[in-house]
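Asks: this one's sequence-less:
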């Protein structure tokens, strides 16, 4: 993977692809798949714009570090007006006559000068080279950090997308519960009309209906809130109507915890960024050791024109080798070295801490996926059992073999089982998304997909 091409691809998507998206009219209702939502975030999210700005800063810092090794050409020019001061009196003898004579300062003249200067560093002991290497490693660390921030945003979008789907399913569950409660109420009313049950059964049937209607309104409220959170992550207006597609089936997890940890240490962008920072600290330490090494430069100057107000003087040139060798500078280099050593120790300690954090996060995320899978399978069985229990209780109530309390209890059990089953399904999807984040699963395919969408 070439990080330079990755960052350029990000910039292309934001600047090139973003222009095309900005020119398209906003639809009355936005319909998105998860991949499309990701592409929208690449163009619209302020967090991506911040990431790209940091990338540009890091890339320019490399060029700034390399500047001292490049030729420097400058021009100095001057045009001026000279007015000499009046000279002091001078005693002199003219034809035997003694007297004091003085030159009158009544004349002035104009000067015009120009000079081209050249300087090229030839040798500095590797000072600039180490500075350039450190800047490049810091830029690489910035790119890794940018990719990690993009990966984190991708997971947040994925989680928000899943939450919208879950709230949609909760609305469907609530609507089914309302339908079931209305059906039970209708059965109780018919049996009361023919005198088979007391009026209390109608009252008991109205309670779960009211509760189901309340849960339906709460699910709708949560659904609106979840959609606004998704729109916020995408950088879109909060009041934009939005519909989304369901997710594809997630394949089973086929790697062990140890394999997941190993992949994370190879692919986690924040860990790779910490590695680059530690390497950059080593280069900065080497550069600090070179601060008091001798430096050899090629210098030259060209004076093409000289003008004293009355005539143009011939130009000339000067070429020289300049040696600079700091001998005593107040021990500043010694302290710079000590500072660089401390910075290297800090970066190495941070790298070790990041490695431990990555291992811990992967192990926790892996166990969360296993627990979510077990819960999903368990709640599916409970939901199937509760559905069958409701069917049996309804049949017994219609046949007069059970009172409405049994139907009501089975209905409540079904509502809880359906809610738990829905929650477990989307909890598993969220757990898988968090495991992908912990392992550092690559999302560059999404960027390539965004590139392929250019008209």
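Replies: All right, it came through fine. Just so we're clear, the structure is a prediction, and the values are computed from it rather than from any experiment.
Asks: so where do the helices sit in the stretch 351-455 of the chain?
Replies: 404-439, 444-452 (DSSP state H, counting those that start in this stretch).
Asks: lowest average confidence across the ones you listed, which one?
Replies: Confidence, taken as mean pLDDT, is least for helix 444-452 of those (a mean of 38).
Asks: tell me where the stretch 201-350 of the chain has helices.
Replies: In the stretch 201-350 of the chain, the segments counted as helices under DSSP H, counting those that start in this stretch are 257-267, 269-289, 332-398.
Asks: return the distance of the last one from the chain's centre.
Replies: Right, the one you point to is helix 332-398. Centroid separation for helix 332-398 versus its chain: 21 Å, with C-alpha atoms, centre = their mean, to the nearest Å.
Asks: which neighbouring elements make contact with that helix?
Replies: helix 127-193, helix 257-267, helix 269-289, helix 404-439 (3 or more C-beta pairs under 8 Å, 6 or more residues apart in numbering; DSSP states H and E). The way it works is simple: take the backbone N, C-alpha and C, and place the C-beta from them, glycine included.
Asks: the last one - contacts with which helices or strands?
Replies: Helix 404-439 makes packing contacts with helix 127-193, helix 200-234, helix 257-267, helix 332-398 when contacts are defined by 3+ C-beta pairs under 8 Å, 6+ apart.
Asks: give me the phi and psi for residue 256.
Replies: phi -80, psi 170 (degrees, to the nearest 10).
Asks: repeat for residue 113
Replies: Dihedral pair for residue 113: phi -130, psi 150, per degrees, to the nearest 10.
Asks: bridging residues for it?
Replies: Applying DSSP bridges to residue 113 yields these beta-bridge partners: residue 78, residue 306.
Asks: in this structure it contacts residue 82, no?
Replies: No - using C-beta atoms under 8 Å, residue 113 makes no contact with residue 82, being 11.7 Å away.
Asks: if we can go back for a sec, could you say which of the helices and strands packed on helix 404-439 is packed most deeply?
Replies: Burial of the helices and strands packed on helix 404-439 is given as mean neighbour count (mean count of other C-beta atoms under 10 Å); helix 127-193 ranks first at a mean of 20.
Asks: gap between it and the chain center?
Replies: Distance of helix 127-193 from its chain centroid, counting by C-alpha atoms, centre = their mean, is 17 Å.
Asks: which helices and strands does that helix pack with?
Replies: Where contact means 3+ C-beta pairs under 8 Å, 6+ apart, helix 127-193 is packed against helix 3-12, helix 34-44, helix 46-66, helix 200-234, strand 242-244, helix 269-289, helix 332-398, helix 404-439.
Asks: recalculate using a threshold of 7 Å.
Replies: When contacts are defined as 3 or more C-beta pairs under 7 Å, 6 or more residues apart in numbering; DSSP states H and E, helix 127-193 sits against helix 3-12, helix 34-44, helix 46-66, helix 200-234, strand 242-244, helix 269-289, helix 404-439.
Asks: so for residue 145, which of those sits nearest?
Replies: Residue 145 sits nearest to helix 269-289 of all these, at 4.6 Å, using C-beta to C-beta.
Asks: pLDDT weak spots in the stretch 101-250 of the chain?
Replies: For the stretch 101-250 of the chain, residues meeting the criterion pLDDT under 70 lie at 101-107, 109.
Asks: just list the residues touching the spatially closest residue to residue 184 that is not a sequence neighbour, thanks.
Replies: Nearest in space to residue 184, with sequence neighbours left out and distances taken as C-beta to C-beta, 6 or more residues apart in numbering, is residue 205 at 5.2 Å. For residue 205, the contact set (C-beta atoms under 7 Å, 6 or more residues apart in numbering) comprises 184-185, 188, 404.
Asks: ok so, going back, could I get the helices of the stretch 351-455 of the chain as CSV with distance to residue 234 and mean neighbour count?
Replies: Listed next are the helices of the stretch 351-455 of the chain as CSV, based on distance: least, C-beta to C-beta, whole Å; neighbours: other C-beta atoms under 10 Å:
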stretch, distance to residue 234, mean neighbour count
helix 404-439, 16, 20
helix 444-452, 13, 15
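Asks: using a markdown table, lay out these together with distance to residue 351.
Replies: Listed next are the helices of the stretch 351-455 of the chain as a markdown table, based on distance: least, C-beta to C-beta, whole Å:
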| stretch | distance to residue 351 |
| --- | --- |
| helix 404-439 | 18 |
| helix 444-452 | 24 |
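Asks: between those, which one is nearest to residue 91?
Replies: Of all the helices of the stretch 351-455 of the chain, helix 444-452 sits nearest to residue 91, with 90.9 Å by C-beta to C-beta.
Asks: of all the helices of the stretch 201-350 of the chain, which one comes closest to residue 317?
Replies: Residue 317 lies closest, by C-beta to C-beta, to one member of the helices of the stretch 201-350 of the chain: helix 269-289, at 34.3 Å.
Asks: so for residue 113 and residue 82, which sits in the more crowded spot?
Replies: Taking other C-beta atoms under 10 Å, residue 113 and residue 82 do not tie; residue 113 has more neighbours (16 against 11).
Asks: the residue nearest to residue 184 and residue 233, how far apart?
Replies: Look at residue 205 and residue 233: by C-beta to C-beta, to the nearest Å, they are 43 Å apart.
Asks: show me what whichever strand or helix holds residue 111 is in contact with.
Replies: Assigned by DSSP states H and E, residue 111 falls within strand 109-123. Strand 109-123 is contacted from outside by 68-69, 71-82, 128, 295-309, using C-beta under 7 Å, 6+ apart.
Asks: how near is the closest residue in space to residue 208 that isn't next to it in sequence to residue 390?
Replies: With C-beta to C-beta, 6+ apart as the criterion, residue 208 has its nearest non-adjacent residue at 4.7 Å, and that residue is residue 181. Relative to residue 390, residue 181 is positioned 11 Å away (C-beta to C-beta).
Asks: all set, thanks.
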